[in-house]
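[1] Got a predicted structure here, sequence first:
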Amino acid sequence: MVLWVFGYGSLVWNPGFDFDEKIVGFIKGYRRVFDLACIDHRGTPENPARTCTLQPEEGAICWGAAYCVRGGIKKERAAMKYLERRECEYDQKTSVDFYKEGETSEPAVTGVLVFISTMDKEANRYYLGPAPLVEMARQIATASGPCGNNREYLFLLEKAMSDIGNHTLRTCLFRLFFMAILCKADAHIFLKLIRLGDSAYSFCLNNLFLLFIRTIGNLELLIWSICQISLVVRNYLK
């Protein structure tokens with residue numbers, strides 16, 4: 001027997017369990033939303049983080065990664081035990097078909113497990129529901145927990161989608177990410193990440209220049225983006 005699990009949030013870049021194969025692709029009929037509270041990783045009960053869950057939507061697709069666990073029931077049970085503890089905010093599991101890029105008619109894998117949440121605040125205490133973009137950005141800007149802050153979660157998801165090549169989703173994540181940083185007035189996340197190497201530096205700088213272009217006409221955001229471009233360049237040249 002083989003276990004397949006679909007990751008669309010932090011599992012994309014940090015699965016955390018022993019797996020034998022990883023395939024990049026997408027599932028159909030769902031879209032990714034930041035409507036789930038996280039109170040034990042990147043948030044607290046008093047100030048929950050906003051993390052991803054899936055919302056059913058006809059015609060939608062959600063990109064991510066499918067992980068295969070082979071090697072017998074003991075290995076599968078160990079993976080499931082870890083995932084159920086980590087994904088405790090998700091109160092449902094469902095089975096989906098998984099597709100690879102360029103192969104949209106026939107699924108590459110069937111019966112792939114995915115963790116989702118009931119979209120009802122009374123039925124699921126972790127479900128936050130939708131909110132205006134600015135309100136979500138403010139919440140993401142201030143939430144922090146034992147595994148780090150909510151802003152970094154959003155950045156790493158954006159970077160993971162960049163690696164996958166999902167430019168449509170990147171545009172949406174990009175807007176939310178920079179609004180969150182602006183709400184926090186915190187550029188130090190860039191300084192932390194650009195030290196990972198040239199690729200991370202280029203990623204940060206390119207996104208800052210994109211922000212610069214998009215903020216012409218908004219004086220406050222324009223000044224902020226110019227300052228951050230200068231800060232990133234100066235720190236890289238040290």
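    Nice, thanks for sending it over. Residues are numbered from 1 along each chain as shown.

[2] how much space between residue 52 and residue 80?
    20 Å (Cβ to Cβ, to the nearest Å). C-beta coordinates here come from the backbone N, C-alpha and C atoms, glycine included.

[3] what comes up buried for the strand ranked longest in the chain?
    As assigned by DSSP state E, the longest strand anywhere in the chain is strand 49-69. For strand 49-69, a neighbour-count test (16 or more other Cβ atoms under 10 Å) marks 49-54, 61-67, 69 as buried.

[4] Turn these into CSV, including distance to residue 155 and pLDDT.
    As requested, these are exported to CSV (distance: Cβ to Cβ, whole Å; pLDDT from 0 to 100):
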residue, distance to residue 155, pLDDT
49, 13, 94
50, 14, 93
51, 13, 94
52, 14, 94
53, 19, 95
54, 21, 96
61, 23, 92
62, 19, 94
63, 17, 93
64, 17, 94
65, 18, 95
66, 23, 97
67, 22, 98
69, 28, 97
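
[5] which of those residues sit farthest apart?
    Of all pairs drawn from the buried residues of strand 49-69, the widest gap by Cβ to Cβ lies between 50 and 69 and measures 28.8 Å.

[6] quick revisit: can you identify the element that follows the longest strand of the chain toward the C-terminus?
    Once strand 49-69 ends, the next helix or strand along the chain (criterion: DSSP states H and E) is helix 73-86.

[7] sorry, back to before: distance to residue 164 for the buried residues of strand 49-69 - can I get that in a markdown table?
    Output for the buried residues of strand 49-69, formatted as a markdown table (distance: Cβ to Cβ, whole Å):
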| residue | distance to residue 164 |
| --- | --- |
| 49 | 22 |
| 50 | 21 |
| 51 | 18 |
| 52 | 14 |
| 53 | 19 |
| 54 | 17 |
| 61 | 12 |
| 62 | 11 |
| 63 | 6 |
| 64 | 8 |
| 65 | 8 |
| 66 | 12 |
| 67 | 14 |
| 69 | 21 |
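
[8] If you count contacts, what does the longest strand of the chain end up packed against?
    strand 3-7, strand 21-38, helix 73-86, strand 109-116, helix 133-142, helix 150-164 (3 or more Cβ pairs under 8 Å, 6 or more residues apart in numbering; DSSP states H and E).

[9] could you redo those as TSV and give each row distance to residue 95?
    Shown next, in TSV, are the helices and strands packed on strand 49-69 (distance: least, Cβ to Cβ, whole Å):
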stretch	distance to residue 95
strand 3-7	9
strand 21-38	10
helix 73-86	14
strand 109-116	5
helix 133-142	30
helix 150-164	22
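
[10] Out of the ones you listed, which gets nearest to residue 102?
    Per Cβ to Cβ, nearest to residue 102 of the helices and strands packed on strand 49-69: strand 21-38, 9.6 Å.
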